[in-house]
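**Student:** pasted the sequence and its predicted model underneath.
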Amino acid sequence: MSPKVKDALRQYWPLVWLAPFGIIMVAAVVLIAITIRETPLVQDFMTTYPGHTELPESAPVGFPAWLGWAHFLNALMLLLIIRSGWMVRTVQRPDAYWTRNPAIPFRTRNSPKKISLDLWFHLSIDVLWVINGVVFFVLLFLTGQWMRIVPTSWEVFPNALSTAIQYASLSWPTDNGWVNYNSLQVLAYFVTVFIATPLAVITGLRMSPLWPRDADRLNKAYPIEWARAIHFPVMLYFVLFIIVHVALVFATGILRNLNHMYAMRDDESWWGLWIFAASVVVMIGAWLAARPIILRPIAQLTGKVTKN
């Protein structure tokens, strides 16, 4: 067996054995949810808390075009970040290494550190992801879209539990995401945007070559071991979020949901599906293009690429 095949098996084997375990867990959750949903206590609870809370009167309705573009770019870059991050974590014999040109993009006091081409790609996509995130945050608050994903009442928690029971028992909540997300969506999006994303950025920055090596007080206050202990679980959270998010988009009304996210319209036409299909083609192309033969000449624009 060639070294490359061994590396591939080593990289993806930890993910393969999770599939049957995940199927068993999902089946168990569904059976439990269907059983408890029929009890009078749970039925009364779901009557009191149907699964959503009211938005402020000034909350916007629908989705602007910039949100659709930000959603697509975020999905594309997250896919590449997860792929490259997994490569950094598992590849033991990198195909190439990159050393930054000391004058690009700015001069530093310390000499540039040689890193693997996989790590260079991971950090480069990280920068683009952060830029996209900053634009997203600014527009989110300028347009009032933040009101759709920030909890404004403590009742969001019991309503989220009600929604979770509905989802788990395969009885989808009767809501309209064009107007108002259900409470479980609100909490999931809030955690993803305002907690998981900043944690990924802060811990990733601590682990990157950009972090000052000789800042003793700062390094003691924020040890790299803390960043490593948080960064990988955050990546797993994003993977789980993506899997559940995509599954529910398909299961709870694929045409309408895709129109909301990709066509910016509230109907069941096929426009959203076709745009989504085109975005998937772009993501597959980007995944296949993320190879050393293509990454090397791009990396050489800002540094030196060597085999060792």
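**Tutor:** Sure thing, it's come through.
**Student:** got a list of what the closest residue to residue 48 other than its chain neighbours touches?
**Tutor:** Nearest non-adjacent residue to residue 48, counting by Cβ to Cβ, 6 or more residues apart in numbering: residue 158, 7.7 Å away. For every residue, glycine as well, the C-beta is placed using N, CA and C. Residue 158 sits next to 45, 48-49 when contact means Cβ atoms under 8 Å, 6 or more residues apart in numbering.
**Student:** how far away is residue 66 from residue 124?
**Tutor:** 24 Å (Cβ to Cβ, to the nearest Å).
**Student:** next helix or strand past the longest helix seen in the chain?
**Tutor:** In the chain, assigned by DSSP state H, the helix with the most residues is helix 224-251. Remark: after helix 224-251, the chain's next helix or strand is helix 254-258, criterion DSSP states H and E.
**Student:** for the next helix or strand after that next one, name the packing helices and strands.
**Tutor:** Once the chain leaves helix 254-258, the next helix or strand it forms, by DSSP H and E, is helix 271-289. When contacts are defined as 3 or more Cβ pairs under 8 Å, 6 or more residues apart in numbering; DSSP states H and E, helix 271-289 packs onto helix 65-90, helix 254-258.
**Student:** related to what we said a few turns ago, give me the element the residue nearest to residue 48 is part of.
**Tutor:** Under the assignment here (DSSP H and E), residue 158 is part of helix 156-168.
**Student:** what mean pLDDT does that helix get?
**Tutor:** Mean per-residue pLDDT for helix 156-168: 94.
**Student:** and what of stretch 56-65?
**Tutor:** pLDDT averaged over stretch 56-65 gives 93.
**Student:** mind checking the SS state of residue 99?
**Tutor:** The local conformation at residue 99, judged by DSSP: H, G, I helix; E, B strand; the rest coil, is strand.
**Student:** now it: how far from residue 117?
**Tutor:** Distance of residue 99 to residue 117, computed by Cβ to Cβ: 11 Å.
**Student:** circling back: can you list the contacts of residue 158 in a markdown table and add neighbour count?
**Tutor:** As requested, the contacts of residue 158 are arranged in a markdown table below (neighbours: other Cβ atoms under 10 Å):
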| residue | neighbour count |
| --- | --- |
| 45 | 15 |
| 48 | 11 |
| 49 | 20 |
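**Student:** which ones among these are found in strands?
**Tutor:** Judged by DSSP state E, the contacts of residue 158 include no members of strands.
**Student:** pLDDT and distance to residue 151 added to these, as JSON lines?
**Tutor:** As requested, the contacts of residue 158 are arranged in JSON lines below (pLDDT from 0 to 100; distance: Cβ to Cβ, whole Å):
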{"residue": "45", "pLDDT": "95", "distance to residue 151": "19"}
{"residue": "48", "pLDDT": "94", "distance to residue 151": "18"}
{"residue": "49", "pLDDT": "95", "distance to residue 151": "14"}
